[in-house]
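Chemist: need coordinates for the following:
(one chain, ligands or ions: 1)
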Amino acid sequence: MIYPIVKYGDKVLETPARPVTQFDEELARLADDMFESMYAAHGVGLAAPQIGRSLRLAVIDVSSGNNPEARLVLANPEILHTEGEQREEEGCLSLPGFHAAVLRPKFVTVRAQNLRGEWFEIRGEGLLARAFCHEIDHLNGVLFIQHLSLLKRDLIRRRVRKLKKLGEW
Ligand code: NI
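Modeler: Down below sits the predicted model:
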């Protein structure tokens with residue numbers, strides 16, 4: 001099932017999500033639906049709050065569906081270690097049309113649970129490291145615009161407000 005993506009302005013996006021505690025069929029179905037919703041929206045990562053579920057679950061595929069091995073499910077992920085820096089354009093399915101350069105670590109090691117509840121560690125570089133940070137931020141109720149200057153953030157807020165008035169958000 002393809003879920004509509006929740007857009008900036010909805011409280012669920014700015015609320016820390018609840019830990020995953022049930023590693024069952026329902027969770028596996030939710031992860032499948034999240035992949036489907038992410039591919040439909042042409043994203044490389046999606047966090048459960050973005051489909052309105054306040055749950056610490058994220059899916060990532062930086063290959064955009066080209067490599068089945070790139071499909072990652074992260075339940076209750078946490079960052080263990082970071083190294084280096086990268087500054088690249090970043091966007092978010094919950095803020096369609098907006099992009100900005102965000103400073104992130106170049107390498108990120110994450111600890112997370114899989115759909116069976118087993119803990120694993122994974123190290124990402126470049127886009128994957130960025131996706132880890134971006135999706136874990138979502139689970140903490142943080143959007144990428146919170147990493148921008150106040151000025152840039154306000155500009156985006158005002159543009160979103162305008163789009164809302166026009167009924168285009
Ligand atoms: Ni996002």
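Chemist: please enumerate the helices of the chain.
Modeler: Along the chain, counting by DSSP state H, helices occupy 25-40, 127-139, 150-165.
Chemist: most tightly packed of those helices?
Modeler: Mean neighbours per residue, mean count of other Cβ atoms under 10 Å, is largest over these for helix 127-139, with a mean of 23. Every C-beta, even on glycine, is put in place using the N, C-alpha and C of the backbone.
Chemist: so for it, mean pLDDT?
Modeler: Across helix 127-139, pLDDT averages out at 98.
Chemist: which residues touch it?
Modeler: Outside helix 127-139, the residues within contact range by Cβ atoms under 8 Å, 6 or more residues apart in numbering are 13, 16-17, 44-50, 56-58, 60, 62, 74, 77-79, 82, 86, 88, 90, 92, 102, 104-108, 110, 124, 143-144, 146.
Chemist: list buried residues within those.
Modeler: For the contacts of helix 127-139, a neighbour count by 16 or more other Cβ atoms under 10 Å gives the buried set as 13, 17, 44-50, 56-58, 60, 62, 74, 77, 82, 86, 90, 92, 102, 104-105, 107-108, 110, 124, 143-144.
Chemist: which ones among these map onto strands?
Modeler: 45-47, 57-58, 60, 74, 77, 82, 86, 90, 102, 104, 107-108, 110, 124 (DSSP state E).
Chemist: center of the chain, which residue is that?
Modeler: The chain has residue 135 as the residue nearest its centroid, 2.9 Å off, counting by Cα atoms, centre = their mean.
Chemist: quick one: residues contacting the closest residue to residue 135 other than its chain neighbours.
Modeler: Closest residue to residue 135 apart from its sequence neighbours, by Cβ to Cβ, 6 or more residues apart in numbering: residue 58 at 3.9 Å. By Cβ under 8 Å, 6+ apart, residue 58 lies in contact with 34, 45-48, 73-74, 77, 135-136, 138-139.
Chemist: rewinding a little: who wins for proximity to residue 118 among the helices of the chain?
Modeler: Across these, residue 118 has its closest neighbour in helix 25-40 (13.0 Å, Cβ to Cβ).
Chemist: what average pLDDT does that closest one get?
Modeler: The model assigns helix 25-40 a mean pLDDT of 98.
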